[in-house]
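Chemist: Predicted structure and sequence below. I'll ask about it afterward.
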Amino acid sequence: MDNQERIIVIDFGGQYNQLIARRVRECSVYSEVYPHTISMDEILSINPAGIIFTGGPNSAYLPESPSISRDIFELGIPILGICYGAQLMAHLLGGIVDTAPTSEYGRTEVKVERSSKLFSNVGPETIAWMSHTDYIAQTPEGFRITATTPVCPVAAMEDENRKFYATQFHPEVNHSVEGQKVIENFVYNVCGCKGEWKMSSFAEDTIAQMKEKIGDGKVLCALSGGVDSSVAAVLLSKAIGKQLTCVFVDHGLLRKNEGDEVEAVFGPEGPYDLNFIRVNAAPRFYDKLAGVKEPEQKRKIIGEEFIRVFEEEAKKIGAVDYLVQGTIYPDVIESGLGKSATIKSHHNVGGLPDYVDFKEIVEPLRLLFKDEVRAVGRELGIPEYLVSRQPFPGPGLGIRIIGDVTEEKVKIVQDADFIYREEISKAVEKWRAGEMDGRLKGSLLEADADNRKDAYPEWLPDQYFAALTNMQSVGVMGDGRTYDFAIALRAVGTSDFMTADAIHLPWEVLDIVTNRIVNEVKGVNRVMYDCTSKPPGTIEME
């Protein structure tokens, strides 16, 4: 990594900080996020080709808001400020930032000046994502305005001579239609990067790093059977072999039949030469969660109980030095990074108890997004059915059940979710056979029957699941009155799991799923479909 060009992202508390780094990586340029407390000497030692300031929830002109030394503008390094980062740049360089007469949120039409290097191949009018209550009322000396909206006079500004650029909108999110072009323009046109960083070297480098770091130590891996923990387990297995013991905690909050499926892959009869232990711990998790309704509390309880189980297993094994977890970037950011707002605590990050009886927690995938983790899995030769597996949160069905968790409710969700996933799989096969409408995913052209056999329809979600609402309603079944639960179906399309759009599943699929759930799942008399994007919602229910 020492000889690689890189762009550093300086975090001012925004929720999209890691997403910005990911967008830079899509340009084949390495990028990492650093706190706004980073020193100028640290920046010079990194020797970045460029710097990006993130957004954030504060007002740049308030003394308690996160800031950075003005000396950063004397380093001769190109800088791009985004949202709060744009306002902070304006404030520190002598411009005026104030409360906007009209706030802007969501998709917004932006007029851009195409003579700017930042917008050279962007349409004169484009759709971008806005999320701000303050605005740049006056640009600093030497800057020109390069984009506007009907209510935002400075949607972008630049000082080309000093290579300072700023956008009030968020080019990093999918909702900004030509946002990736803006990122690419900064990386290539402004910073002069060549784009030589490749994901293919990550697995090899990480295996070598883990081997050196761990030495002859013993390692316990928290294996859930999901994509992240599976890739982490295989990485460590290749690095240290039998020094690794994988503990699979079946907390009773898994999808239907999932415990047995995980054991079939990673257990003694599976293809991997792992020390594998399965702990059937459902009763103790149910006891701990009894009567608990608040989502954060549930996450904390599940996280702590996980660690306690691991500690118990570690003592049976003997002295264990390291705990390995499949933490990835979205887990880190949503658990709060530095002074970033916490959306929800993940059991493998913010949900850990204060005391953990291991020398260190090792997170080899902490710098990767979900699609990058899948790419590493393929590099390692992990079977595609595992690499492409549906994402599943560490707290499991505990956060797909609104309110308190009981064994009865878990069974309801398991059965409903199984039906949902089964019917989507059947629908994909029908589409491949030419029996359903729908274009080829990723294509603007209709697929014919010949090229559908290994393809996917455009309506296939990247993540989909059933959740149990805490709502009960009156229904009629068999000429009798019922008062049962409502199931919510979720289906989203996303490439990074930081932003997501609700998928319009074919009604014929939803109709079958609804009928089956109501008829086959005891305790359910109503099915609803969640049409919320992320933001404002999250992908999970809690």
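Modeler: Looks like it came in fine. Numbers count the residues shown, from 1 in each chain.
Chemist: in the protein, which spans are helices?
Modeler: For the chain, helices defined by DSSP state H occupy the ranges 17-25, 40-46, 84-92, 179-184, 200-214, 227-240, 258-266, 282-289, 295-317, 329-334, 370-379, 384-387, 407-432, 507-520.
Chemist: Which of these has the lowest mean pLDDT?
Modeler: Mean pLDDT across these is lowest at helix 329-334; the value there is a mean of 61.
Chemist: Averaging pLDDT per element, find the lowest-scoring helix or strand in the chain.
Modeler: Of all helical and strand segments in the chain, the minimum by mean pLDDT, DSSP states H and E falls on helix 329-334, at a mean of 61.
Chemist: that older thread, need the helices of the chain in TSV with mean neighbour count, can you?
Modeler: (Each C-beta comes from the backbone N, C-alpha and C, glycine too.) Formatted as TSV, the entries for the helices of the chain read as follows, by neighbours: other CB atoms under 10 Å:
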stretch	mean neighbour count
helix 17-25	26
helix 40-46	12
helix 84-92	27
helix 179-184	22
helix 200-214	15
helix 227-240	24
helix 258-266	18
helix 282-289	16
helix 295-317	18
helix 329-334	24
helix 370-379	20
helix 384-387	14
helix 407-432	19
helix 507-520	16
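Chemist: Let me know the average pLDDT across stretch 126-143.
Modeler: For stretch 126-143, the per-residue pLDDT values average out at 92.
Chemist: can I get the helices of the chain in CSV with distance to Thr102?
Modeler: CSV is the format used below for the helices of the chain (distance: least, CB to CB, whole Å):
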stretch, distance to Thr102
helix 17-25, 26
helix 40-46, 36
helix 84-92, 16
helix 179-184, 22
helix 200-214, 44
helix 227-240, 42
helix 258-266, 49
helix 282-289, 45
helix 295-317, 33
helix 329-334, 29
helix 370-379, 36
helix 384-387, 46
helix 407-432, 42
helix 507-520, 38
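Chemist: so which of these gets nearest Gly192?
Modeler: Of all the helices of the chain, helix 179-184 sits nearest to Gly192, with 12.6 Å by CB to CB.
Chemist: For Ile8, find the nearest of the helices of the chain.
Modeler: Using CB to CB as the measure, helix 40-46 is the one of the helices of the chain that comes nearest Ile8, at 6.0 Å.
Chemist: Tell me if I'm right that Val173 and Gly179 touch.
Modeler: Yes. Shown here, Val173 and Gly179 form a contact pair, counting by CB atoms under 8 Å, at 6.5 Å.
Chemist: Quickly list what's touching both of these two.
Modeler: The contact sets of Val173 and Gly179 overlap at Trp129 (CB atoms under 8 Å, 6 or more residues apart in numbering).
Chemist: For Ala203, which non-adjacent residue is spatially closest?
Modeler: In space, Ala203 comes closest to Glu379 once its chain neighbours are excluded; the distance is 4.5 Å by CB to CB, 6 or more residues apart in numbering.
Chemist: For Lys300, see how far away that neighbour is.
Modeler: Look at Glu379 and Lys300: by CB to CB, to the nearest Å, they are 35 Å apart.
Chemist: Same question for Val518.
Modeler: As judged by CB to CB, Val518 and Lys300 stand 34 Å apart.
Chemist: What is the neighbour count of Pro78?
Modeler: Around Pro78 there are 22 other residues, counting by other CB atoms under 10 Å.
Chemist: quick one: low-confidence ranges for the stretch 351-500 of the chain?
Modeler: For the stretch 351-500 of the chain, the stretches with pLDDT under 70 are 351-358, 442-454, 479, 496-497.
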